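Q: with the sequence up front, the predicted model follows.
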Amino acid sequence: MNEPSDIQLPLTGDEKLWAFQKATNSMEGAEKRWTERIAKGLTDKQLEEAIAYELGDFGSHGGDPVGVTYQASGLRIWADRCLGSRSNPPILQGHDTVSFARRVYGISDPNDKQGRLF
């Protein structure tokens, strides 16, 4: 049986957002690159490549409110209250990471003709 201190509550939306932003801004100059990407828009393939670049081969950050581990392969981001724990499934991976990035950063897809109508 788990001790009460071993039970982890699910991450809040703010914690998930913080983890995503920490992972996708880990490389020097990331903020400037995201600003440029937002201005010109990116296709899904370009956005995948941008995220993979910013995540790098593998990295992690400890911290408050959560620990974050990330890797370009699979566009995977893990976050929990135990730094480096990848025993849980990633909070984001693959196309979900691309969709999340599009919403968080407000990056349009220049190929999405329907989206430009609104």
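A: Looks like it came in fine. Remember, it's a predicted structure, so these values are computed and weren't measured experimentally.
Q: okay, the residue lying closest to L75 once chain neighbours are set aside and R33: tell me how far apart.
A: Spatial nearest neighbour of L75, chain neighbours left out: T97 (4.1 Å); criterion: C-beta to C-beta, 6 or more residues apart in numbering. C-beta coordinates here come from the backbone N, C-alpha and C atoms, glycine included. The span separating T97 from R33 equals 16 Å under the rule C-beta to C-beta, to the nearest Å.
Q: neighbour-wise, which of those two wins?
A: T97 (25 against 16; other C-beta atoms under 10 Å).
Q: can you confirm the more buried one is in a helix?
A: Yes: following the definition DSSP: H, G, I helix; E, B strand; the rest coil, T97 is counted among the residues of a helix.
Q: residues touching the residue most central in space within the chain, list them.
A: With distances taken as C-alpha atoms, centre = their mean, the chain has F20 as the residue nearest its mean C-alpha position (3.3 Å). If you count contacts by C-beta atoms under 8 Å, 6 or more residues apart in numbering, F20 has them with I77, I91, L92, T97, F100, A101, V104.
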